[in-house]
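Peer 1: after the sequence you'll find the predicted model.
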Amino acid sequence: MESEGKVVVEMVGGRSTVTRCFSKYPLKFIVPNKVGPSSTDAVWIYSLTYGGGIVSGDSISCELTVGDGCTAVLTTQASTKVYKSMGSKCSEQVLETRVGSGAVLAVVPDPVTCFSTARYSQKQVFRVASDSSMVIVDWITSGRHESGEKWDFDLYKSTNHIFLEDNQPLFLDTVLLERGSITSIAERMQDYQVIAMVVILGPKMNHIQSQVQEDVKRIMSEQLHVPSTSLGRQIITKSDHFLMKPSFIASASVFGPKGIGLVVRIAAMTTESVYRFLQHQLACLEPLLGVSPYR
């Protein structure tokens, strides 16, 4: 089923305000009157689909405009479930976003969970000003663990593109997980059950960027610490090798002119560890957004 939605956030009377909100079944937007203290100027938009998930063949496209100086949060109420595919049909979601000058946008959804045989593709395109600020979280779990499904879907593709004015590409990224004829996705992912990407961009995110970089460095040095003998020699035996596999892996790297953006990539053995990481790293957004994401 084809579905579309559009949300426009503009400054009205000095406050960020939703001036247009439209959606077509099975897509729905919920915009609460207030999230967090009244002193905070931020609009929260919850995106959901009737039936709690994306059905085989669904095609959903959304447009979001965040006007100059406005603050908006786009989130979900639960993980996005992608149901089994019928034949070779691929479900797809497209988000086209414009973020104005001095504006802030946080895209902080729960993870995507693809059911067995699901085929799913999503594309998010962000057009930003040179002084726009953004946080984008994009993540997927291995599936329904309680049903014994681990990386049992056929296709998952997630594309995130960020463009500056004049269509100047700033960040172009695609993650593709596809069932292969030789190896399954599960074999390639080994014991890791979640992969995630966090993009942090713009002047209002400077303090978060440096904090996250420091934290990732510390987490990884703790995870990869190898015990040594009193003589200073590192001891690794074959049986230790499996035990040493870190349960949480993260990397952080800057991108863009003058390093205005930071991308963090994560592979983890549990969904809870990623929630905890996101909660901790994004907690300092609370003054901007009214509420800390993933609280």
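Peer 2: Thanks, I have it.
Peer 1: hmm, who's touching the helix ranked longest in the chain?
Peer 2: Secondary structure of the chain per DSSP state H: the longest helix is helix 206-223. Here helix 206-223 makes contact (C-beta atoms under 8 Å, 6 or more residues apart in numbering) with 135, 198, 200, 246-252, 254, 262, 264, 280-282, 284-285. Every residue, glycine included, has its C-beta placed from N, CA and C.
Peer 1: please check these and keep the buried ones.
Peer 2: Applying 16 or more other C-beta atoms under 10 Å to these, the neighbour count classes 135, 198, 200, 246, 248-250, 252, 262, 264, 281-282, 285 as buried.
Peer 1: returning to that earlier point: hey, C-alpha coordinates of the longest helix of the chain in CSV?
Peer 2: Taking Å, rounded to 0.1, in the frame of the first residue of the first chain, the C-alpha atoms of helix 206-223 are listed here in CSV:
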residue,chain,number,x,y,z
ASN,A,206,29.9,20.6,19.4
HIS,A,207,29.9,19.7,23.1
ILE,A,208,28.2,16.4,22.4
GLN,A,209,30.6,15.5,19.6
SER,A,210,33.7,15.9,21.8
GLN,A,211,32.1,14.0,24.7
VAL,A,212,31.0,11.1,22.5
GLN,A,213,34.5,10.8,20.9
GLU,A,214,36.1,10.7,24.4
ASP,A,215,33.6,8.1,25.6
VAL,A,216,34.0,5.8,22.5
LYS,A,217,37.8,5.9,23.0
ARG,A,218,37.4,5.0,26.7
ILE,A,219,34.8,2.2,26.1
MET,A,220,37.0,0.6,23.4
SER,A,221,40.2,0.8,25.4
GLU,A,222,38.4,-1.0,28.2
GLN,A,223,36.8,-3.6,25.9
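Peer 1: mind listing what's buried along it?
Peer 2: Taking 16+ other C-beta under 10 Å as the criterion, helix 206-223 shows 208, 209, 212, 213, 215, 216, 219, 220 as buried.
Peer 1: rewinding a little: what about the buried ones among the contacts of helix 206-223, which are in helices?
Peer 2: Using DSSP H, those in helices are residue 281.
Peer 1: out of the buried ones among the contacts of helix 206-223, the closest to residue 270 would be?
Peer 2: Nearest to residue 270 among these is residue 248, at 8.3 Å by C-beta to C-beta.
Peer 1: my read: that closest one touches residue 277, true?
Peer 2: Yes. Residue 248 is within contact range of residue 277, at 7.3 Å (criterion: C-beta atoms under 8 Å).
Peer 1: so which residues of this structure form helices?
Peer 2: 185-189, 206-223, 238-243, 271-281, 286-289.
Peer 1: among those, which is nearest residue 64?
Peer 2: With C-beta to C-beta as the yardstick, what comes closest out of the helices of the chain is helix 286-289 (15.7 Å).
Peer 1: contact partners of the closest one?
Peer 2: 35, 36, 40, 42, 44, 71, 73, 104, 106, 204, 292.
Peer 1: sorry, back to before: quick check: which of the buried ones among the contacts of helix 206-223 has the minimum pLDDT.
Peer 2: Taking these together, the minimum pLDDT is found at residue 246 (92).
Peer 1: name the nearest residue to that one, ignoring sequence neighbours.
Peer 2: Of all residues beyond its chain neighbours, the one nearest residue 246 is residue 223 (3.9 Å), with distances taken as C-beta to C-beta, 6 or more residues apart in numbering.
Peer 1: which residues does residue 91 contact?
Peer 2: Here residue 91 is in contact with 54-59, 82-83, 85, 118-121 (C-beta under 8 Å, 6+ apart).
Peer 1: residue 18 - how many residues pack around it?
Peer 2: 17 (other C-beta atoms under 10 Å).
Peer 1: do the one 10 residues further on as well
Peer 2: Neighbour count of residue 28, defined by other C-beta under 10 Å: 14.
Peer 1: that one: what's it in contact with?
Peer 2: Residue 28 neighbours (C-beta under 8 Å, 6+ apart): 47, 48, 49, 50.
Peer 1: try 6 Å
Peer 2: Listed by C-beta atoms under 6 Å, 6 or more residues apart in numbering, the contact set of residue 28 reads residue 48.
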